[in-house]
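**Student:** Predicted model and sequence below, questions to follow.
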Amino acid sequence: MRNPDTESVLLADSSAENLASAKSWLKTAKVETVRVDAGDTKRIAELARGKDVLISCVPYFFNLELAKAAIHAKTNFIDLGGNTDIVLKELALTSQAEKAGVTLLPDVGLGPGMLSTIAAHGISQLDKTDEVHLRDGGLPQKPRPPMNYLLTFSEHGLINEYVEDAYAIRDYKRVKVPGLSEVEEIDVPTLGRCEAAHASGGLSTLAHTYEGKIRTMDNKLIRYPGHIGIINAMNAMGFFGTEKIALSGGSLKPRDLSAKLFRQHFERPADKDLVIIHSTVRGVKDGRKAEVVYDMLDYYDDKKKMTAMMRTTGFPAAIVAQMLASKVINKPGAFPVELGIPPEPFFAEMHKRGFNLSWKLSFPEGAAAKPHPHAKAAA
């Protein structure tokens, strides 16, 4: 709404309380609100008609039908993703989107989302790409032992990232690997020694787009040391099982109990978070081995009372929505992030919003590092 070209934003939610709170917080005449259920796609299509973009910020299982509603309304569409199988079904709507003259861009959040754009940008900087290693994490600014973690999004989504299979590319082939497997130590700028392991859903469509083209690609979440070992031990003991077990005359799913305990233990509204990105793309440039390294550290916004996770998820979506509305992106069809979003304009908009994403091209065999001329140095 700070964009002078934005005429209006219609916020739709099933909760009247949420709508009233949002309208009060935003304090602008540009915002209108309407109470509607995300499952009422007929009504949502009516509301979306005449708008430039429909943005889905609801759970992933609504997204496919909402994408169809956007096509029916002849409105561009983006969502925050969350499930690669659903995203692939959305991308299969490309011919319908082309016919309607609209663009569908699912998966536009942090990871997948911003990380996918970073990957595409790094690949474009090299003449030949061999490896892409995406690393990111949402962490507490002040970790509390023994788990050293802070929950800033859905506990169910978190458990899904931890225990479901992830995709990676190995020897040019797309493969499945267990969540939180292949744990590695990683030195992260500012934070020091951390650990990283595969995150389910992190690569999303990247694994499909670059299969057969890049030798190695993976996405791993970053955690403070010790956390991943505890979660893997819990998983081995069955704490995340989805089959009911008998207990004290009743029954329950272990994952349901774990989710409730995760919320109780990890949700601390008074604590502040950060989001870290540390990713590397390696290959060949001008006949020499080269790599591009991306770093970003974002903190809780004390002034706006926004978590770093809110910022790094919401602002990418807002940027892409405005790119569609202003026709910076103007190609009908359904596209994965890495093929549908121009990286340089996206990064420029991120910097306007205070993100300190930086990248550096270097030649590890001895040549001096070469900062990208448009990269913003980290504060």
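**Tutor:** Sure thing, it's come through. Numbers count the residues shown, from 1 in each chain.

**Student:** pLDDT of stretch 179-187, averaged?
**Tutor:** Averaged over stretch 179-187, pLDDT sits at 95.

**Student:** What residues of that stretch count as buried?
**Tutor:** 179-180, 186 (16 or more other CB atoms under 10 Å). Backbone N, C-alpha and C define where each C-beta goes, glycine included.

**Student:** Also stretch 242-256?
**Tutor:** 254-255.

**Student:** per-residue confidence averaged over it?
**Tutor:** Rounded mean pLDDT across stretch 242-256 is 92.

**Student:** Run the chain-centre distance for it.
**Tutor:** With CA atoms, centre = their mean, to the nearest Å as the basis, stretch 242-256 stands 32 Å off its chain's centre.

**Student:** Then stretch 302-320?
**Tutor:** Stretch 302-320 sits 12 Å away from the centroid of its parent chain (CA atoms, centre = their mean).

**Student:** Contacts for the longest helix along the chain, please.
**Tutor:** Scanning the chain for the helix with the most residues, using DSSP state H, yields helix 308-325. Outside helix 308-325, the residues that touch it by CB atoms under 8 Å, 6 or more residues apart in numbering are 3, 5-6, 52-53, 55, 57, 76, 78, 80, 103, 105, 108-110, 113-114, 117, 138, 152-153, 273-275, 298-301, 306, 328-330, 341-342, 345-346, 349-350, 353, 355.

**Student:** cool, and stretch 91-101?
**Tutor:** With CB under 8 Å, 6+ apart, stretch 91-101 has contacts from 67-68, 71-72, 74, 103-104, 106, 205, 332-336.

**Student:** Of those, which is the most crowded?
**Tutor:** residue 106 (35 neighbours; other CB atoms under 10 Å).

**Student:** Does that residue touch residue 62 like I think?
**Tutor:** No. Residue 106 sits out of contact with residue 62 when judged by CB atoms under 8 Å, with a separation of 11.8 Å.

**Student:** where along the chain do the helices fall?
**Tutor:** In the chain, the segments counted as helices under DSSP H are 16-26, 41-48, 63-73, 84-91, 94-100, 114-125, 155-163, 206-209, 227-236, 254-266, 308-325, 337-340, 343-352.

**Student:** Including distance to residue 143, could the ones you listed go into JSON lines?
**Tutor:** Output for the helices of the chain, formatted as JSON lines (distance: least, CB to CB, whole Å):
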{"stretch": "helix 16-26", "distance to residue 143": "29"}
{"stretch": "helix 41-48", "distance to residue 143": "41"}
{"stretch": "helix 63-73", "distance to residue 143": "33"}
{"stretch": "helix 84-91", "distance to residue 143": "30"}
{"stretch": "helix 94-100", "distance to residue 143": "44"}
{"stretch": "helix 114-125", "distance to residue 143": "23"}
{"stretch": "helix 155-163", "distance to residue 143": "16"}
{"stretch": "helix 206-209", "distance to residue 143": "29"}
{"stretch": "helix 227-236", "distance to residue 143": "9"}
{"stretch": "helix 254-266", "distance to residue 143": "11"}
{"stretch": "helix 308-325", "distance to residue 143": "14"}
{"stretch": "helix 337-340", "distance to residue 143": "31"}
{"stretch": "helix 343-352", "distance to residue 143": "26"}
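
**Student:** Select, out of these, the one closest to residue 196.
**Tutor:** helix 227-236 (8.2 Å; CB to CB).

**Student:** In PDB, list the C-alpha atoms belonging to the closest one.
**Tutor:** Extracted in PDB, the C-alpha atoms of helix 227-236 (Å, rounded to 0.1, in the frame of the first residue of the first chain):
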ATOM      1  CA  HIS A 227      19.000 -29.200  17.400                       C
ATOM      2  CA  ILE A 228      18.900 -31.600  14.400                       C
ATOM      3  CA  GLY A 229      20.300 -34.500  16.500                       C
ATOM      4  CA  ILE A 230      17.500 -34.100  19.000                       C
ATOM      5  CA  ILE A 231      14.800 -34.000  16.300                       C
ATOM      6  CA  ASN A 232      16.300 -37.000  14.500                       C
ATOM      7  CA  ALA A 233      16.300 -38.900  17.800                       C
ATOM      8  CA  MET A 234      12.600 -38.000  18.400                       C
ATOM      9  CA  ASN A 235      11.800 -39.200  14.800                       C
ATOM     10  CA  ALA A 236      13.600 -42.500  15.400                       C
END
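
**Student:** Other residues contacting it?
**Tutor:** Against helix 227-236 from outside (CB under 8 Å, 6+ apart): 146-149, 162-163, 180, 183, 195, 197, 240, 258.

**Student:** Could I get the average pLDDT for it?
**Tutor:** Mean predicted confidence for helix 227-236 is 97.

**Student:** Check which residues of that helix are buried.
**Tutor:** Buried, per 16+ other CB under 10 Å, within helix 227-236: 227-228, 231-232, 234-235.

**Student:** same question, stretch 104-124
**Tutor:** For stretch 104-124, burial by neighbour count (16+ other CB under 10 Å) applies to 104-123.

**Student:** for stretch 124-138, same thing?
**Tutor:** Counting neighbours by 16+ other CB under 10 Å, stretch 124-138 gives 125-126, 129, 131-138 as buried.
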